[in-house]
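> Predicted model, plus sequence, below.
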Amino acid sequence: DTAVSQTPKYLVTQMGNDKSIKCEQNLGHDTMYWYKQDSKKFLKIMFSYNNKELIINETVPNRFSPKSPDKAHLNLHINSLELGDSAVYFCASSQANTQYFGPGTRLTVL
Amino acid sequence: KQEVTQIPAALSVPEGENLVLNCSFTDSAIYNLQWFRQDPGKGLTSLLLIQSSQREQTSGRLNASLDKSSGRSTLYIAASQPGDSATYLCASEDSGGYNKLIFGAGTRLAVHP
């Protein structure tokens, strides 16, 4: 009965690889988000989708491409991974003003 | 551009103490101010949300206040317990819509028995 789930929980990969992180929410929310939390614990929004439509696109390298196949899913694909991409990536969903976060995916780029 | 700052960065207190966590923001044109809790290796849990028209919100032992004019919010935790140990994050939501949150770096709280 997990509200917001992400897979995988851990991801270790080499520089230059392409990887995807998946997110699913079973709360029936219209809006979903991707956040990045760096090593200094700063949490910054990357993207937001409302009803499968991109509504927030922060200054993120175009190597990052979100995809929302339906309202319940928002996946994040990252091309040509770099060392600086190492972080914890959180997915969230919201209805009204309250956001519900997934457990995070710790990405380590070697 | 909104900036959110939290002090202190870390706090260690004995069980039973009342404590205050501080959050400041540079742009007072916010839609709301939210407090979250983050446990190690886990996602964030929403604790309290204060609308811009409100002054405070309470939930159990937690009380959050908002002073838009001074750009400040405080989270008051009464009678702290070891289970309160976590990182507490505040976030401002701007009035531009789309629920865009700007987070502070958090206060790491340790409550020891």
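Happy to help now that I have it. In this text the structure is predicted, and so the values were computed from the model without any measurement. Residues are numbered from 1 along each chain as shown, chains lettered A, B, ... in the order given.
> so what's the spatially most central residue of chain A bridging to?
Central residue of chain A (C-alpha atoms, centre = their mean): A:W34, 3.5 Å from the mean position. Counting by DSSP bridges, A:W34 is bridged to A:F47, A:C91.
> can you pull out the helices in chain A?
In chain A, no segments count as helices under DSSP state H.
> Quick one: name the residues of it near chain B.
By the rule C-beta under 8 Å from any C-beta of the partner chain, the part of chain A lying against chain B is A:4, A:31, A:33, A:40-45, A:48, A:50, A:55-56, A:90, A:92, A:94, A:97-104. Quick note: C-beta positions are derived from backbone N, CA and C, even for glycine.
> Quick one, which of those residues are buried?
Buried members of those, counted by 16 or more other C-beta atoms under 10 Å in any protein chain shown: A:4, A:31, A:33, A:41-43, A:45, A:48, A:50, A:56, A:90, A:92, A:94, A:99-104.
> which parts of chain B sit against chain A?
Checking chain B against chain A by C-beta under 8 Å from any C-beta, the hits are B:31-32, B:34, B:36, B:41-46, B:49, B:87, B:89, B:93, B:98-103, B:105-106.
> Show the model's pLDDT score for B:G96.
Here, the pLDDT recorded for B:G96 equals 71.
> Repeat that for A:D1.
At A:D1, the model reports a pLDDT of 61.
> What's the nearest residue in chain B when you look at chain A?
B:G43 (3.5 Å; C-beta to the nearest C-beta).
> So, low pLDDT: which residues of chain A?
Where chain A drops to pLDDT under 70, the residues are A:1-2.
> do that again at 50, thanks
Along chain A, no part satisfies pLDDT under 50.
> Mind telling me which residue of it is nearest chain B?
A:F101 (3.5 Å).
> which residues does A:T108 contact?
Contact analysis of A:T108 by C-beta atoms under 8 Å, 6 or more residues apart in numbering or on different chains lists A:10-13, A:86.
> List the beta-bridge partners for it.
Beta-bridge partners, per DSSP bridges, of A:T108: A:V12.
> how far does stretch B:13-31 stretch from start to finish?
33 Å (C-alpha to C-alpha, to the nearest Å).
> Of all the residues in it, which ones are buried?
B:13, B:19, B:21, B:23-25, B:30-31.
> and what of stretch B:33-49?
B:33-38, B:43-44, B:46-49.
> Could you check the pLDDT of the residue of chain B closest to chain A?
Confidence score, pLDDT, at B:G43: 89.
> what's the distance between it and A:N62?
27 Å (C-beta to C-beta, to the nearest Å).
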